[in-house]
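**Student:** show me the folded form of this:
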Amino acid sequence: MTNEGAHDDAKYFEHQARFSSIVEHFSTRARLKMLRSMLEIAQPDANTSVLDVGVTSNRRSDSNFFERFYPHPENITALGLDDASFLEQEFPGLKFVRGDALAMPFADRSFDLATSWATIEHVGSRDRQKQFVAEVCRVSKRALITTPNRWFPLEFHTVMPLIHWLKPQTFRGILRTLGMNFYATEETLNLLGESEFMQLLPATVRCRTLHNRLFGLVSNLVFFLEHCD
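**Tutor:** Predicted coordinates:
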């Protein structure tokens with residue numbers, strides 16, 4: 001990254017900081033609702049082994065929320081690209097693994113349940129997203145993947161309304177013009193609607209879709225995946 005790019009990123013984070021408390025509030029509220037849905041559908045217990053894909057070193061209140069609110073954090077294996085080893089101290093029994101979600105170091109169906117909370121939109125192209133879904137399904141017996149709904153009027157990462165409904169190249173061009181370079185590439189932000197996600201599914205997996213709503217509109221998509229065999 002050039003110095004100019006780093007400067008533009010700094011401006012972007014300054015812009016987001018103006019809304020950070022509001023974004024954190026609604027993000028945490030939405031994720032808690034989705035967690036309740038997961039607990040109701042999957043019904044994990046004290047013996048359920050869980051893989052959480054996409055933990056982060058960020059300490060914001062809505063980051064790594066699953067580890068804080070899941071009733072059995074000692075059964076979690078948390079995987080992320082960033083160093084989030086501090087989670088092992090905060091939640092005794094939890095195991096942190098630093099690794100790539102597209103090539104996880106686990107055997108097939110190692111975990112009873114895998115979760116991934118708003119990570120898939122950050123892994124890159126549609127092909128990489130497809131690989132992400134396949135890998136999450138490979139290492140688990142059941143999986144829950146969430147992502148913000150592209151067709152909600154507000155884009156949560158940039159806190160910008162409507163422009164994410166434009167063609168992706170147009171949306172990213174506007175972000176670059178506004179100095180929001182961090183989210184102006186496919187590698188960093190590639191939004192999904194329900195139909196786009198369904199095209200990523202392996203043929204051997206069946207999917208149940210839930211809608212999380214904000215002000216009556218679908219803000220987040222929740223996908224519960226199970227093997228057909």
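
**Student:** the closest residue to Asn64 other than its chain neighbours: neighbour count?
**Tutor:** Nearest residue to Asn64 in three dimensions, chain neighbours excluded: Val55, at 5.3 Å (CB to CB, 6 or more residues apart in numbering). Every C-beta, even on glycine, is put in place using the N, C-alpha and C of the backbone. When counting by other CB atoms under 10 Å, one arrives at 26 neighbours for Val55.

**Student:** I'd say Val55 and Thr77 touch.
**Tutor:** No - assessed by CB atoms under 8 Å, Val55 is found out of contact with Thr77, at 10.0 Å.

**Student:** got any residues that touch both of those two?
**Tutor:** Listed as contacting both Val55 and Thr77 by CB atoms under 8 Å, 6 or more residues apart in numbering are Phe96.

**Student:** number of nearby residues for Glu94?
**Tutor:** In this structure residue 94 is Leu, not Glu. 22.

**Student:** check which element follows the longest helix seen in the chain along the chain.
**Tutor:** Looking across the chain with DSSP state H, the single longest helix is helix 20-42. Once the chain leaves helix 20-42, the next helix or strand it forms, by DSSP states H and E, is strand 50-53.

**Student:** please save the CA atoms from that following strand in CSV.
**Tutor:** What follows is strand 50-53, C-alpha atoms only, in CSV (Å, rounded to 0.1, in the frame of the first residue of the first chain):
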residue,chain,number,x,y,z
VAL,A,50,-18.0,-25.3,18.0
LEU,A,51,-15.7,-23.6,15.5
ASP,A,52,-16.1,-19.9,15.2
VAL,A,53,-14.6,-18.7,11.8
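
**Student:** can you give me how far that strand is from the chain middle?
**Tutor:** In terms of CA atoms, centre = their mean, to the nearest Å, the centre of strand 50-53 is found 12 Å from the chain centre.

**Student:** got the contact list for that strand?
**Tutor:** Taking CB under 8 Å, 6+ apart as the rule, strand 50-53 contacts 44, 66-67, 70, 72, 75-80, 101, 104, 106, 110-117, 119, 136, 139-140.

**Student:** quick revisit: what's the pLDDT at the residue nearest to Asn64?
**Tutor:** Looking at Val55, its pLDDT stands at 96.

**Student:** one more: Ala30?
**Tutor:** Confidence score, pLDDT, at Ala30: 88.

**Student:** for the protein, which segments are assigned as strands?
**Tutor:** 50-53, 76-80, 95-98, 113-117, 142-148, 154-155, 160-161, 205-214, 217-227 (DSSP state E).

**Student:** now do the contacts for the most centrally placed residue in the chain.
**Tutor:** What sits nearest the mean C-alpha location of the chain, by CA atoms, centre = their mean, is Ala118, with 1.7 Å. Residues in contact with Ala118 (CB under 8 Å, 6+ apart) are 31, 54, 146-148, 220.

**Student:** and the furthest pair within those?
**Tutor:** Gly54 and Asn220 (14.7 Å; CB to CB).

**Student:** picking that back up, for the longest helix of the chain, buried residues please.
**Tutor:** Within helix 20-42, the residues that count as buried by 16 or more other CB atoms under 10 Å are 23, 26-28, 30-31, 33-35, 37-38, 42.

**Student:** which strands and helices sit next to that helix?
**Tutor:** Where contact means 3 or more CB pairs under 8 Å, 6 or more residues apart in numbering; DSSP states H and E, helix 20-42 is packed against helix 65-69, strand 113-117, strand 142-148, strand 205-214, strand 217-227.

**Student:** isn't Asn220 up against Thr209?
**Tutor:** No - taking contacts as CB under 8 Å, Asn220 lies outside contact range of Thr209: 11.2 Å.
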